[in-house]
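Asks: predicted model, plus sequence, below.
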Amino acid sequence: MSTRDVTHLSDLSKMVPSQDGSFNRAPSQFRNWVEQGGKYEAEKGRYHLYVSYGCPWAARTLIMRQLKGLEDFIPITVLSPRLDELGWPFANIDPFPGAEVDPLYSADHLKDIYLRVTPDYEGRFTVPVLYDKKTETIVNNESSEIIRIFNSAFNHLLPADKAKFDLYPEHLRKEIDELNTWVYDTTDGVYKAVFAANQSAYEKAVYPLFESLDRLEKILDGKDYLIGDQLTEADIRLFVTIIRFDVAYYSHCKCNIRDIRNGYPAIHLWLRKLYWNVPAFKDTCDFDHIKTGYYWAKSARISANP
Ligand SMILES: N[C@@H](CCC(=O)N[C@@H](CS)C(=O)NCC(=O)O)C(=O)O
């Protein structure tokens, strides 16, 4: 296990905001694809997914994995939601209920997986991580790409009904991509609000966030899904933010102009229908992990608020 001091990358209290006080998310660094004929072939049991139930980005991948019936293909390991100065710990370091030990290397923290692959890695040690056991490397750590991989790369190995189930269908791609672009500001907006280092950065984050929610409320009025009449990845991407909103973002992240329950009836109905009618949404929601992840006292996020 690496002995390199990486706390400047893992300790949230050492995170440096940009000059104007705003939080800017660094791009994910592992961006490979699982594909037939490529370096990373789709194979049962070859890949491993490291996640936190607390994290909305990781939750996207868990929902897609279950919707596509990939549970037997891609095992997961759940980290403890209580980040410490070395980042996400496995259960041997923090035995939080539901957290697990690392089955591959008995690592202490997720950072150890990153540093095993790239000893001089300089990014953040984020979940989700799609790991290849065969080449012992991280294939991808960007949730928007991992969900696309899950949507199509294993289709030839899946039963027909699961293979056919397309969450990014050709005829809706343009609309999905357009919507994703501005819905991203909602998902990321809460982080921009909580990590804002001054009032002006906070306001720059929070007002556009609520403008996005107002827009989404209009789109979802009388509708079960965001795009077309079918479930798409756009619903997954928004769901993971909305389900966390009233329990964490409204209070902890100070995104409190309105809550979802009282302020956005159409979004609220859409949320409840997905949660109660589609098992992949409910099954992958663990409110203990979600709340602990955001409120955990050791996390610098609390003091990072303006
Ligand atoms: N763009 C990435 C973002 C992932 C991300 O930021 N994950 C957060 C948890 S919500 C994380 O692991 N943060 C740990 C850290 O920054 O130290 C994705 O979509 O996969």
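Replies: That came in fine, so what should we check first?

Asks: in the chain, where is pLDDT below threshold?
Replies: For the chain, the stretches with pLDDT under 70 are 297-306.

Asks: need the residues of it near the ligand, please.
Replies: Those residues of the chain that sit near the ligand, judged by Cβ under 6 Å from any ligand atom, are 10, 28, 55, 57, 87, 124-128, 141-144. Every residue, glycine included, has its C-beta placed from N, CA and C.

Asks: ok, of the residues you listed, which one's closest to H109?
Replies: Ranked by distance to H109 (Cβ to Cβ), these are led by G87 at 5.3 Å.

Asks: and that closest one, bridged to which residues?
Replies: Counting by DSSP bridges, G87 forms beta bridges with D84.

Asks: got the end-to-end distance for stretch 250-269?
Replies: End-to-end distance for stretch 250-269: 18 Å, by Cα to Cα, to the nearest Å.

Asks: run the chain-centre distance for that stretch.
Replies: Distance of stretch 250-269 from its chain centroid, counting by Cα atoms, centre = their mean, to the nearest Å, is 20 Å.

Asks: list the contacts of it.
Replies: 189-191, 193-194, 202, 206, 209-210, 213, 216-218, 220-223, 242, 245-246, 249, 271, 294-295, 301-302, 305-306 (Cβ atoms under 8 Å, 6 or more residues apart in numbering).

Asks: leaving out chain neighbours, which residue sits closest to R124?
Replies: Once flanking residues are discounted, R124 sits nearest to L9: 5.9 Å by Cβ to Cβ, 6 or more residues apart in numbering.

Asks: list the buried residues in the helix or strand harbouring the one you found.
Replies: Counting by DSSP states H and E, the element that carries L9 is helix 7-10. Buried residues in helix 7-10, defined by neighbour count with 16 or more other Cβ atoms under 10 Å: L9, S10.

Asks: past that helix, which element shows up next along the chain?
Replies: Trace forward from helix 7-10 with DSSP H and E and the next one is strand 47-51.

Asks: each with direction, which strands does that next one pair with?
Replies: Each strand paired with strand 47-51, and its direction, by DSSP bridges: strand 76-78 (parallel), strand 129-132 (antiparallel).

Asks: ranking those by burial, who's on top?
Replies: strand 129-132 (a mean of 24; mean count of other Cβ atoms under 10 Å).

Asks: would you mind giving the secondary structure of the residue in the stretch 201-306 of the chain positioned nearest to the ligand?
Replies: Of all residues in the stretch 201-306 of the chain, G293 sits closest to the ligand, at 7.5 Å by Cβ to the nearest ligand atom. What DSSP: H, G, I helix; E, B strand; the rest coil gives for G293 is helix.

Asks: all helices for the stretch 151-300 of the chain, in order.
Replies: 160-164, 173-194, 199-220, 233-244, 260-263, 265-277, 279-283, 287-295 (DSSP state H, counting those that start in this stretch).

Asks: other SSEs contacting the second one?
Replies: Taking 3 or more Cβ pairs under 8 Å, 6 or more residues apart in numbering; DSSP states H and E as contact, the helices and strands that helix 173-194 lies on are helix 199-220, helix 233-244.

Asks: which residues sit against it?
Replies: Contacts for helix 173-194 (Cβ under 8 Å, 6+ apart): 22-23, 25, 56-57, 144, 168, 201-202, 204-206, 208-209, 212-213, 215-216, 226-228, 232-234, 237-238, 240-241, 244-245, 249, 252-255, 301, 304-305.

Asks: mind listing what's buried in it?
Replies: For helix 173-194, by 16+ other Cβ under 10 Å, it's 176, 179-180, 183-184, 186-194.

Asks: and the residues you listed, which two are furthest apart?
Replies: I176 and V194 (27.3 Å).

Asks: what's the first-to-last distance across stretch 167-177?
Replies: Using Cα to Cα, the two ends of stretch 167-177 sit 12 Å apart.

Asks: hang on, I meant stretch 6-15
Replies: Terminal residues of stretch 6-15 lie 12 Å apart, using Cα to Cα.

Asks: show me how far that stretch is from its chain's centre.
Replies: Distance, stretch centre to chain centre, for stretch 6-15: 20 Å (Cα atoms, centre = their mean).

Asks: for the residue nearest the centre of the chain, give me its contacts.
Replies: Closest to where the C-alpha atoms of the chain average out (Cα atoms, centre = their mean) is W57, at 0.7 Å. Residues counted as contacts of W57 (Cβ under 8 Å, 6+ apart) are T126, V127, P128, S143, T187, V240.

Asks: so which helix or strand takes in it?
Replies: helix 56-67.

Asks: now the angle from that helix to helix 265-277?
Replies: 50 degrees (axes from the mean of the first three to the mean of the last three Cα atoms, to 10 degrees).
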